[in-house]
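**Student:** Return atomic coordinates for the entry below.
(one chain, ligands or ions: 3)
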Amino acid sequence: MRTIAVLTSGGDSPGMNAAIRAVVRAADAHGIRTMRVASGFAGLVDGDVEPITSREVSGILHLGGTFLGTARSSRFRTTEGRREAQKHLDLAEVDGLVVIGGDGSFRGADALSREGPIRVVGVPGTIDNDLAGTDWTLGFDTAVNTALESIDRIRDTAASHGRLFFIEVMGRHSGWISLYCGLAGGATHVLLPETPTDVRRVREDVQRAFDLGKQFCLVVVAEGDQAGGAFSLADRVVEGLRDVDHRVTALGHIQRGGSPTMRDRVLGSLLGDAAVEALLDGDDRVMVGERKGRLERTPLSRSWTDHEEIPEPLISLMDRLAR
Ligand SMILES: Nc1ncnc2c1ncn2[C@@H]1O[C@H](COP(=O)(O)OP(=O)(O)O)[C@@H](O)[C@H]1O
Ligand SMILES: O=P(O)(O)OC[C@H]1O[C@](O)(COP(=O)(O)O)[C@@H](O)[C@@H]1O
Ligand SMILES: [Mg+2]
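**Tutor:** Ligands and ions are numbered 1, 2, ... in the order given. Purely as a prediction, here's the structure:
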C-alpha cells in the first residue's frame, strides 16, 4: 500500500473533518501518501484528485461541514461514471480509498470496488445514525445537540404563551434524530418514519396533556414521517383540538452545520485512523465503526441492510415520561 485517497460524500456531517485529518495523518505516520478527492464521487468522476499533506489538514478539527466538499453525484450511479472514477484512481496510482459518508455513499463505494481493482473502506459519516456496525455515526451527536438548543428556545416561548409546537427535525428515512430530540427535549410525542403515524393518538395525547394542566406541548416530527412532515401533521392534529393555540417550526439545515462536539471529534479521529489500519491489513469493502467502546469492521453491504431498528425501550420510555 503506497497511496490512499480520501473523500467525503452525501450529506455533510460534523466530525467529517476530524476523520479526514486522521486519515491523512495516520497514513503519514505509516509512510503512505494521501490524495484528496474534492466534492465526493463527483470529484472522482471528474478527476479532481490532488496530493494532500499533514500540514494541510491543520486547523480543521473543530470545523463543521467538510473541508473537502461533498456532493450527490448521479453520474457515479452509472457503470460508465464509476469506470471514469477508477481511471482517475489509476492515474494517481491510488490503491486504497477511504469513503466518509452514509448508506448511499457505501452502496457506491461497494459497486466501485466490485467493478475494479480499488479497495475501499467506509467511515460512517451521516447525521442520520442509520448504519449498522457502529453505535453512533459521525455527526449524530452534534446534530441532536444543535437541534436541542433550538428546541430549548422554542420551549421558552411555548411555555410563555401556553402553546402547542410542532417541531420538524431531519431524517427522511431515519427517526433517530427525532427520537433523541424528543427524549432530551421533553416532547409529548415523537413521530418517526419507521413507525405508522396515528394522528388521532397525537391529538388525544396533546389534548390530555393540556387538560391535565400542562403549560405547553412539544411534538417532534421527523421530516420523513408518514404524515408528510410537521406542517401537514399539524393541520390534521389541530382539527378537533379544543382551545389550543399552535405553531410549527422546521429546523432544517441548521441541524447539519456547526462545530462538532467532543464525541464527534474523537469518533472521527478514531475511525479515520481505523480506516487506514483496515486498508493496511488488506481489507476491502468494510466499514469501520465503534460498538460498545470497541473498534469493529463490518462488511459494507451489511452497513445498510442490517441497520438497527429504533430501540423499542426508548420509544416506550418516551411514552412513560411524557405526561
Ligand atoms: N446504489 C448506488 N450505486 C452507486 N452509487 C450510489 C448508490 N447510491 C448512492 N450512490 C452515490 O453516493 C452518493 C451519496 O449518496 P446519498 O444517499 O446521497 O448520501 P449518503 O451517503 O449520505 O447516504 C450519491 O449521490 C451517489 O453518487
Ligand atoms: O441536504 P439535502 O440534500 O436536502 O438532504 C437532506 C437529507 O440529508 C440528511 O441531512 C443526511 O442524510 P445523508 O447523510 O444520508 O445524506 C437527512 O437527514 C436529510 O433528509
Ligand atoms: Mg443516507
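**Student:** where does Val206 sit relative to ligand 3, distance-wise?
**Tutor:** 31 Å (C-beta to the ion, to the nearest Å). For every residue, glycine as well, the C-beta is placed using N, CA and C.
**Student:** what's the nearest residue to that residue if we skip its chain neighbours?
**Tutor:** Cys217 (5.2 Å; C-beta to C-beta, 6 or more residues apart in numbering).
**Student:** Tyr180 too?
**Tutor:** In this structure, Tyr180 finds its nearest non-sequential neighbour in Val144, 4.7 Å apart by C-beta to C-beta, 6+ apart.
**Student:** Could you check how many residues crowd around the one you found?
**Tutor:** Residues lying near Val144 (other C-beta atoms under 10 Å) number 24.
**Student:** Please name every helix or strand in contact with the helix or strand hosting it.
**Tutor:** Assignment of secondary structure by DSSP states H and E places Val144 within helix 140-161. Counting contacts by 3 or more C-beta pairs under 8 Å, 6 or more residues apart in numbering; DSSP states H and E, helix 140-161 packs against strand 164-169, helix 176-185, strand 217-222, strand 246-250, helix 262-280.
**Student:** per-residue confidence at the residue nearest to Val206?
**Tutor:** On pLDDT, Cys217 comes in at 96.
**Student:** Dig out what Gly101 forms beta bridges with.
**Tutor:** Pro124 (DSSP bridges).
**Student:** no, scratch that, I was asking about His246
**Tutor:** Beta bridges link His246 to Leu164 when assigned by DSSP bridges.
**Student:** So which bits of the stretch 51-200 of the chain are right by ligand 2?
**Tutor:** Counting by C-beta under 6 Å from any ligand atom, the stretch 51-200 of the chain comes close to ligand 2 at 102, 126-128, 170-172.
**Student:** any idea how far the spatially closest residue to Ser54 that is not a sequence neighbour lies from Asp48?
**Tutor:** Nearest residue to Ser54, sequence neighbours excluded (C-beta to C-beta, 6+ apart): Asp28, at 4.7 Å. Distance of Asp28 to Asp48, given as C-beta to C-beta, to the nearest Å: 21 Å.
**Student:** again, but for Leu280
**Tutor:** 26 Å.
**Student:** cool, and Arg297?
**Tutor:** 29 Å.
**Student:** Can you give me the distance of Gly116 to Pro14?
**Tutor:** Per C-beta to C-beta, Gly116 is found 32 Å from Pro14.
**Student:** okay, the two: which has more neighbours?
**Tutor:** A direct count of neighbours by other C-beta under 10 Å for Gly116 and Pro14 places Pro14 higher, at 31 against 15.
**Student:** Next one: Ile127 from Pro14, what distance?
**Tutor:** Distance from Ile127 to Pro14, by C-beta to C-beta: 8 Å.
**Student:** With Thr53 instead?
**Tutor:** Thr53 is 24 Å from Pro14, by C-beta to C-beta.
**Student:** all helices for the stretch 1-150 of the chain, in order.
**Tutor:** Secondary structure of the stretch 1-150 of the chain (DSSP state H, counting those that start in this stretch): helices located at 16-29, 40-46, 79-91, 103-115, 140-161.
**Student:** So which of those is nearest His307?
**Tutor:** When the helices of the stretch 1-150 of the chain are compared by C-beta to C-beta, helix 103-115 sits nearest His307, at 7.6 Å.
**Student:** How about the residue of the stretch 201-323 of the chain found nearest ligand 2: what's its closest non-neighbour residue?
**Tutor:** Closest approach between the stretch 201-323 of the chain and ligand 2, counting by C-beta to the nearest ligand atom: Arg256, at 5.3 Å. Among residues not flanking Arg256 along the chain, Ile127 sits closest, at 5.8 Å (C-beta to C-beta, 6+ apart).
**Student:** right, and the one you found touches Gly10 too?
**Tutor:** No. Contact criterion C-beta atoms under 8 Å: Ile127 and Gly10 do not qualify, at 10.3 Å.
**Student:** of these two, who's got more company?
**Tutor:** Using other C-beta under 10 Å as the criterion, Ile127 and Gly10 rank with Ile127 on top: 30 against 23.
**Student:** What residues does that one make contact with?
**Tutor:** With contact set as C-beta atoms under 8 Å, 6 or more residues apart in numbering, Ile127 has these partners: 11, 13-14, 137, 139-140, 142-143, 170, 177, 255-256.
**Student:** With Gly185 instead?
**Tutor:** By C-beta under 8 Å, 6+ apart, the contact set of Gly185 is 147-148, 151-152, 155, 218, 220.
**Student:** at 6 Å what do you get?
**Tutor:** By C-beta atoms under 6 Å, 6 or more residues apart in numbering, the contact list for Gly185 reads 148, 151.
**Student:** Noted, bye for now.
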